[in-house]
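Enquirer: A predicted structure for the sequence below; I have some questions about it.
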Amino acid sequence: MQKFLRPLAVFGALILAGCAAQAGGPDGDDFLMFGGPIFSDGGAAQADGSTQVIPAEALVVRDGKVVFAGDLAAARAQAKGLPQIDLKGAAAYPGFVDSHVHLTGVGLREMTLNLDQVKSVTELTEAVKAWDAANPGKEPLTGRGWIETHWPEKRFPTRADLDAVVADRPVVLERSDGHAVVLNSAALTLAGITRDTQDPSGGRIERDAAGEPTGMLIDTAQGLIGAKLPPLSYARRREALEKAVNLYAARGWTGGADMSTEADDVKALFELAADKKLPITVDVFMTPEDSAEVLKRGPYSDPTGMVRVRGVKLYMDGALGSRGALLLAPYSDQPTTRGLQIAQHDEALAIMKQALKVKADIAFHAIGDAGNRQVLDWMAEAFAADPAAARQVRWRVEHSQIVNPADYPRFKQLGVIASMQPSHAIGDLYFAQARLGQDRLKGAYAWRGLTATGALVIGGSDAPVEVGDPRIEYYAVAVRKDLKGASGPDWHPEEALNRVQALDLFTINAAQADQRPAGWGRLIVGSPANITVFSRELLTVPEGDIMKARPVLTVVKGRTVFDAR
Ligand SMILES: [Zn+2]
């Protein structure tokens, strides 16, 4: 592979004259950063997939913007009197952006029982027992984040498991993918579910051999208990969002694209920004139900510019695990089904055409190869009606998870972005072969295949479906093994990206997808000082060391929003 050495020092030749030297201008802080490698630029310009970049020695930031990136001596000469940030060997990167997150869900996961680290049925019940002891009461105990894929028991949890630890209050625990919940007996009673309750359309009440409900509710059956739980109050929603954005800053994210956002979330985000309690930038894609304003006005932002309402999130199909992803051919492990189509053509096209009219963006969920093809078809249909407007929007396919290779080039041709979640692959590839069979695995989580066509690929976590950790996403896309370093025989390691491309996914590619001005997603002269600092250098460390990196410092628009130095 051809190496490319990027002469970063040339950026230092430009100096913005006339800036005040005091710290903390109206638009952000002033400082000199040095003492560790500063990756000014991932190397997105290199179509050859370059794997080597020379980091800058120092950055000078004034009024929240980079005014110099280059060697330390030159930086010192023009940064006299500025506060100094000594990285002490840590490494700085352009700010990481999570291009697909559900912030309210991330916050609620923190405020309720967080089960994302639970590794067995036993650990699950222990966690429930401990939470109940620490938070006694009669109101329903709710939690989220469990996923049984690697549990030694190799089964779903049941109501009997939960009854053994908490019998006197309802317990409702949502699976990490949001497609299932497990209830104890008290919660089944609260939901009014008995052996005689019929499965609702689009959902299933799991039953044992004797016909008794096991406690597991799948897809729309979750509504039976959801309707009985207290609704989310505005105060609690705002608290959840505040927790989520602070957690995100502490993990090293400088921005995120919030998906399926509700009107009250937008209200709370705008308030947080006005109160200077929003550390990261947030781009918003509304639920169709709450999309009237953005479809009327087009994209708009709060007065601080930290929150931008960009468009609408639509759903074409379901998820692969629950066989809801829409496939071109039947599931390999269930030949009677090709999955589930959620969106209807006329309804979706009406939203898409209106979005195009006001230059709003569409983020269309598609997992299966038929789902992806159909989204591309519909986007092409909408674009054909107004080709000029089509060039001004940045529509995206959320997940782009299983794509027929014949459709790869269509992303670039249409100018449609593949918004992908690397961590889904390192969890899903354990069961993807059963669902898809050998041949279709070629088009699954095809990060390199899509990148190679020139398509813009961006990376996100889909938290709280996944943890929401930039290191995990970076590791997954660059290594394509699970976090223990293991991978299956058909994981197609050639679909991993190199380290530079992996960095691009979360930085410059995200900036392009978000229609940010030139300089965003990089740390060059004129860039906003959005900086993620990890304790380790991620571009050349052995793959096993990526997860040993620790978030050290997060800077957004020149302001330090997280500092663990
Ligand atoms: Zn999502």
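Expert: Thanks, I have the structure now. Remember, it's a predicted structure, so these values are computed and weren't measured experimentally. Numbering: from 1, shown residues only.
Enquirer: wait, what's in contact with residue 557?
Expert: By C-beta atoms under 8 Å, 6 or more residues apart in numbering, the contact list for residue 557 reads 27-28, 64, 281, 528-530. Yep, even glycine has a C-beta here, placed from its N, CA and C like the rest.
Enquirer: Grab the two from those that are most spread out in space.
Expert: Farthest-apart pair in the contacts of residue 557 is 27 and 281; separation 13.9 Å (C-beta to C-beta).
Enquirer: Looking only at neighbour counts, state which of the two leads.
Expert: Comparing residue 27 with residue 281 by other C-beta atoms under 10 Å, the one with more neighbours is residue 281, at 27 against 14.
Enquirer: beta partners for residue 313?
Expert: Residue 313 has the following beta-bridge partners by DSSP bridges: residue 363.
Enquirer: before we move on, back to that, which among the contacts of residue 557 end up buried?
Expert: For the contacts of residue 557, a burial check counting by 16 or more other C-beta atoms under 10 Å picks out 28, 64, 281, 528-530.
Enquirer: and those residues as a markdown table, adding pLDDT?
Expert: Formatted as a markdown table, these follow (pLDDT from 0 to 100):
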| residue | pLDDT |
| --- | --- |
| 28 | 72 |
| 64 | 94 |
| 281 | 98 |
| 528 | 96 |
| 529 | 97 |
| 530 | 98 |
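Enquirer: residues from the stretch 401-550 of the chain in reach of the ion?
Expert: Contacts of the stretch 401-550 of the chain with the ion, taken as C-beta under 5 Å from the ion, map to residue 462.
Enquirer: And the residue of the stretch 401-550 of the chain that's closest to the ion?
Expert: In the stretch 401-550 of the chain, no residue comes nearer to the ion than residue 462, which is 4.3 Å away by C-beta to the ion.
Enquirer: contacting residues around that residue?
Expert: Contacts of residue 462 by C-beta under 8 Å, 6+ apart are 100-102, 259, 399, 421, 423-424.
Enquirer: Pull the most distant pair out of these.
Expert: 259 and 423 (15.3 Å).
Enquirer: Which parts of the stretch 451-565 of the chain are helices?
Expert: For the stretch 451-565 of the chain, helices defined by DSSP state H, counting those that start in this stretch occupy the ranges 470-479, 499-506, 508-513.
Enquirer: Show the backbone phi and psi for the residue nearest to residue 169 when sequence neighbours are not counted.
Expert: Closest residue in space to residue 169, ignoring its immediate chain neighbours: residue 138 at 5.3 Å, by C-beta to C-beta, 6 or more residues apart in numbering. The phi and psi values for residue 138, taken as degrees, to the nearest 10, are phi -110, psi -10.
Enquirer: Look up how far residue 215 lies from residue 138.
Expert: Residue 138 is 19 Å from residue 215, where distance means C-beta to C-beta, to the nearest Å.
Enquirer: now swap in residue 425 and tell me
Expert: 30 Å.
Enquirer: out of those two, which sits in the more crowded spot?
Expert: Just comparing residue 425 and residue 215: by other C-beta under 10 Å the higher neighbour count belongs to residue 215, 27 against 24.
Enquirer: Remind me what the helix or strand where the more buried one lies packs against, helices and strands.
Expert: Taking DSSP states H and E as the definition, residue 215 sits inside strand 213-219. Judged by 3 or more C-beta pairs under 8 Å, 6 or more residues apart in numbering; DSSP states H and E, the packing partners of strand 213-219 are helix 159-163, strand 180-183, helix 185-191, strand 203-207.
Enquirer: Phi and psi next, for the residue nearest to residue 527 when sequence neighbours are not counted.
Expert: Closest residue to residue 527 apart from its sequence neighbours, by C-beta to C-beta, 6+ apart: residue 519 at 4.0 Å. Note on residue 519: backbone dihedrals following degrees, to the nearest 10 are phi 100, psi -30.
Enquirer: my guess is residue 350 is in a helix, correct?
Expert: Yes. Under DSSP: H, G, I helix; E, B strand; the rest coil, residue 350 sits within a helix.
Enquirer: List, one by one, the residues from this protein near the ion.
Expert: Residues of the chain lying close to the ion (C-beta under 5 Å from the ion) are 259, 462.
Enquirer: distance of the residue of the chain most remote from its centre from residue 67?
Expert: Distance from the C-alpha centroid of the chain peaks at residue 210, with 41.0 Å (C-alpha atoms, centre = their mean). The gap separating residue 210 from residue 67 is 72 Å, by C-beta to C-beta.
Enquirer: quick one on the thing from earlier: who wins for proximity to residue 554 among the helices and strands packed on strand 213-219?
Expert: Residue 554 lies closest to strand 180-183 among those, at 33.6 Å (C-beta to C-beta).
Enquirer: That closest one packs against which elements?
Expert: Packing partners of strand 180-183 (3+ C-beta pairs under 8 Å, 6+ apart): helix 159-163, strand 171-175, strand 213-219.
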